[in-house]
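[1] Predicted model follows, preceded by the sequence.
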Amino acid sequence: MSINNSDECNGKTICRLWQLLKVPSTQYSLGLLLVVGFVSGIIFWGGFNTAMEMTNSEEFCISCHEMRDNVYQEYQRTIHYSNRTGVRATCPDCHVPKEWQHKVVRKIQASNELLHKALGTIDTREKFEAKRLKLADNVWKVMKKTDSRECRNCHNFDYMDFGEQGRRAVNQHSKGLEEGKTCIDCHKGIAHELPDMHDVDPTAVVGDI
Amino acid sequence: MMIKKLSIIASLTLGILAATASMQSHSSGIESLRGASDLDQNSTAPENKQYAKDGQPIARDYVQQPPLVPHKVDRYTINIKSNKCLSCHSWKNYREAGATKISQTHFEDRDEHVLANISARRYFCNQCHVPQVNAPALVGNDFQPITAISGQ
C-alpha cells in the first residue's frame, strides 16, 4: 500500500486522513509518540473530569432560576441544609452518583434537562408545581431502583446504632431492614416540599378519596 | 432680675433631676413574667427548650383534652398538598407505623355529616395536638385529673 492514495480516495478529505492514520510513522520515534500520547492523555482526561466536576457543584445547580427559586429555597429549611452539627449534603451529594460510571450515565441523562431548560418547561413557579409530582416520581423511581445508593453514601444500616435512636426510629428501621425496604420508601420529601400527595396516599391529605 | 433668672434655671434643673430619679426608681420596681429588667435594658434570653425526642403516649389530664404529641414534630409540613402527621396516623397507615390512629370524630364536618376522609376543619393537627418541652410551668396550679383518668 502506498502513502499516496489520492487515486483510491478520489480527493475525499476524511478518506485521505484515514489512510494517513493507517500508515506507520516513519519520522517520529516510538518513544516520542508514547510520551506525547501519555501527556496529552493526562491533559484530556483531567480536563474532562475537571469540566464534569464543575457541573457537580451547588453553585452550578442554582445558577438556573428553576432550581434556585424552587427546590433550593425549600431545601434551605430542611435538615440536610441546616442542622445541629453543620454537616451538609449539597445538591449533587444526593442527585449525582459518586461512582464514576454511574456519574457519567447521569451526566448524559442530564442533557434532557438542558433540553427542557431551553424549552422552558418549568420556568415559572406554576409550571414547576404542575410538574412537581412527575419530577418527584422520577427521583423516587431512580432511588428505588438503585436501593437509595446516594443516601447510603452517608447513611448505612450497617453503622446505625439503634440504641441511639428514638422509639419510632428503632421500630421503623428494624422493620425496614427485615423487609428489605429502601430509604426512599419512607423518607420522601425530606429535602424538598412534597408534591400533591392525592395520587400517592389520599389518606394523608385533605379532600375526597 | 439676674437672681430671678438664676433661681428659675436652678429650680428647673432640680425638677428634671428629681423626675429622672423617680422614673428610674419606678421602672426597676416592676417585675413581670419576663423578669425584672429595666425597660431600656435588654432582658436575658431564656435558655432554649428541648422537645422530648420520642416517648410513650402521654396520659390525658381531662377527658376532652386533645392527646399531646409524645415526639418531635419540627419541620413536619401540613399543607394542602400533604400532611406529614397523617403519613403515620391515618387509618390506612397507623398499623404499619405503630402509631395512634386519628379519632373518628375527625371525619365529621361541622354539620356532623360523616365524610370518607379527614375533615378540613380537623386537618391542621397542631392546632390542638402539641408536643411538649422541658419547660417549668410559668404559674403554679393544683389541677387534679378526674377519677376516671387518674383512678384515684
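    Right, received. Where do you want to start?
[2] How many neighbouring residues does residue 84 have?
    Just so you know, I chose chain A. 6 (other CB atoms under 10 Å in any protein chain shown). Where you see a C-beta, it was placed from the backbone N, CA and C, and this is true even at glycine.
[3] that's the wrong chain, I wanted chain B
    A count of neighbours around residue B:84, defined by other CB under 10 Å, yields 17.
[4] ditto for residue A:190
    When neighbours are defined as other CB under 10 Å, residue A:190 has 16 of them.
[5] Over to residue B:79?
    Residue B:79 has 14 nearby residues by other CB under 10 Å.
[6] any idea how far it lies from residue B:90?
    Shown here: residue B:79 relative to residue B:90, a distance of 16 Å by CB to CB, to the nearest Å.
[7] Any regions of the chain where pLDDT drops low?
    In the absence of a named chain, chain A is used. Scanning chain A for pLDDT under 70 picks out the ranges A:1-7.
[8] I was after chain B.
    Ranges of chain B meeting pLDDT under 70: B:1-29.
[9] go with 50
    B:22, B:25-26 (pLDDT under 50).
[10] ok, what's across the strand from whichever residue of chain B sits closest to chain A?
    Nearest to chain A in chain B, going by CB to the nearest CB, is residue B:54, at a distance of 3.0 Å. Residue B:54 forms beta bridges with residue B:71, as assigned by DSSP bridges.
[11] Correct me if wrong: it contacts residue A:169.
    Yes: with contact defined as CB atoms under 8 Å, residue B:54 and residue A:169 form a contacting pair (7.2 Å).
[12] Distance from the chain centre to stretch A:56-69, please.
    Averaging C-alpha positions (CA atoms, centre = their mean, to the nearest Å) puts stretch A:56-69 13 Å from its chain's average.
[13] Quick check: end-to-end length of that stretch?
    Stretch A:56-69 has an end-to-end distance of 19 Å (CA to CA, to the nearest Å).
[14] in that stretch, what's buried?
    Buried residues in stretch A:56-69, counted by 16 or more other CB atoms under 10 Å in any protein chain shown: A:56, A:61-62, A:66-67.
[15] In helices, which of the residues you listed appear?
    Among these, DSSP state H puts A:61, A:66 in helices.
[16] what's around residue A:192, how many residues?
    20.
[17] wouldn't it be in contact with residue A:74 here?
    Yes: with contact defined as CB under 8 Å, residue A:192 counts as touching residue A:74 (4.7 Å).
[18] Is residue B:114 bridged to anything, and to what?
    residue B:108.
[19] Any figure for the gap between it and residue A:164?
    Per CB to CB, residue B:114 is found 44 Å from residue A:164.
[20] How about residue B:86?
    Plainly put, residue B:86 is 28 Å away from residue A:164 if you go by CB to CB.
[21] So those two - more neighbours on which side?
    Taking neighbours as other CB under 10 Å, residue B:86 and residue A:164 compare with residue B:86 leading, 26 against 8.
[22] Contacts only, for that one.
    The neighbours of residue B:86, taking CB atoms under 8 Å, 6 or more residues apart in numbering or on different chains as the test, are A:203-205, B:93, B:102, B:118, B:125.
[23] Now it, what are its backbone angles?
    Main-chain dihedrals, residue B:86, degrees, to the nearest 10: phi -70, psi -20.
[24] Which residue, neighbours along the chain excluded, lies closest to residue B:149?
    The shortest distance from residue B:149 to any non-neighbouring residue, by CB to CB, 6 or more residues apart in numbering or on different chains, is to residue B:60 (6.1 Å).
[25] just checking, that neighbour touches residue B:67?
    Yes: at 6.3 Å, residue B:60 and residue B:67 qualify as touching, with contact defined as CB under 8 Å.
[26] Quick one: the helices in the chain, in order.
    No chain in the question, so chain A it is. Applying DSSP H to chain A gives helices spanning A:6-9, A:13-22, A:30-54, A:58-61, A:65-66, A:72-75, A:91-95, A:100-109, A:111-119, A:125-145, A:167-178, A:183-186.
[27] My question was about chain B, not that one.
    B:2-27, B:86-89, B:94-97, B:147-150.
[28] ok, back up a step: and the contacts of residue B:86, which is closest to residue A:127?
    residue A:205 (21.8 Å; CB to CB).
[29] What is the neighbour count of the closest one?
    As a measure of burial, residue A:205 has 25 neighbours, counting by other CB under 10 Å.
[30] What of residue B:50?
    A total of 10 residues lie near residue B:50 under the criterion other CB under 10 Å.
[31] now it, nearest residue through space, not along the chain?
    Of all residues not flanking residue B:50 in the chain, residue B:134 sits nearest, at 5.5 Å (CB to CB, 6+ apart).
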